Structure formats: C-alpha cells, structure tokens
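Colleague: pasting the structure only:
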C-alpha cells in the first residue's frame, strides 16, 4: 500500500533537498504530520515565501528582505572595513563568532578557470564600486584556502595595488587541539606561511 497522495508529494519535495534520500524524506514527511498546526502554518508560510521575499542586498550582495541588509544598514558598524567572503553562509559564520564589527561583501563564488568561472561572473565589480564610492580603508579577504581561493585573492590584490587600501587575508592553520599527524600538507603549508612572531 502506498502513502496518500499528499504525503507522497511531500516525500518527493523533501527528496529535492541536498543530502536527503528516500528514507530520510519519508521520515521527514511522517514527522511533519506530528507537528502542531500553528508551527506547521509558519513552516508552510516560510517555504511559500522564501523566494518571494528574499533578495540580495544592493550594496554587499548578502541575503536580505530589503534593499539593504541589516549589516549595511547598521550605522554602528565599521563600514570602511569590508570582509570579502564567498557566499552568504560565510557571513553567518563570522556573525556567530561575534567579534567582527565591519561590513561584508559576498562574491557568490570564486574564480576557477577549470570550471569556466571568470572574474566577471562573480561580484568583484560590485566590490570595486564600493571601494571607489565609499572611501574603504581595509579589505579582509576571507575565502577558503584552495587554488580557487588563492586565485581570487591574488586577483583582488592585483586590482587594488594602486589604491590606498590595506588588504589583509585571514590566517589559515592548524586548529586548536589537533593532532599533528592528522594535519594535511596544505594546512601545514598555510600554517607555516601565516606564522606569527612571538619573540620580542
């Protein structure tokens, strides 16, 4: 016997989400039946409106429901320092840490010639507009330590070399508590390159 059509449709919808297979989709659909109606209405409304209400901030390209996101609208933040990240998830990660009080810029990808992703396909031009118009003092490049990340970092650095702007990059290295024998060679290389002087 098959599930009723409504549940079958829900299972198919859950399967479209990344990392969700047949069994998990089935469990989620059945679990949805046990959620109270008020919560279910909020859930349904959120799903129905997420694409309609969510857009990109015209300034930093982060996710927002308004023309400017909450961070770009916040006058208490340092709007002259921009942390450049790959995607909106990275903004959330930094905000959860809670120590960074500057602005952001979301590139929506990294330069990758092998994948056919060129500089004009990510939001580097929007970043340059901000730098030219907003008297930016520092750019912090916070992208992943990969070939694509390094290519993107070097490209941005080249574009800014004749501008009076400090360009920095977050350090990549060995996490606290990690066992050295399990550290990969790229992480070790980055840790050596980003070493800090501790002597006087």
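Modeller: Arrived safely, thanks for sending. The shown structure was predicted, so the numbers you read here are calculated from the model rather than taken from an experiment. Residues are numbered from 1 along each chain as shown.

Colleague: And what about residue 14, helix, strand or coil?
Modeller: What DSSP: H, G, I helix; E, B strand; the rest coil gives for residue 14 is helix.

Colleague: any chance you could map the strands in this structure?
Modeller: 55-56, 63-64, 78-85, 102-106, 138-141, 166-169 (DSSP state E).

Colleague: what sits against the closest residue to residue 102 other than its chain neighbours?
Modeller: Closest residue to residue 102 apart from its sequence neighbours, by C-beta to C-beta, 6 or more residues apart in numbering: residue 81 at 3.5 Å. From N, CA and C alone the C-beta is placed, and that goes for glycine too. Contact analysis of residue 81 by C-beta atoms under 8 Å, 6 or more residues apart in numbering lists 102-103, 136-140.

Colleague: Emit the ChimeraX select command for whichever of the residues you listed are buried.
Modeller: Buried residues within the contacts of residue 81, by 16 or more other C-beta atoms under 10 Å, are selected in ChimeraX with:
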select :102,103,136,139,140
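
Colleague: and of the contacts of residue 81, the nearest to residue 50?
Modeller: For these, the residue nearest residue 50 by C-beta to C-beta is residue 103; the value is 24.6 Å.

Colleague: And the pLDDT for the nearest residue to residue 130 once chain neighbours are set aside?
Modeller: Leaving aside its sequence neighbours, residue 130 sits nearest to residue 136 (C-beta to C-beta, 6+ apart; 6.3 Å). pLDDT, residue 136: 91.
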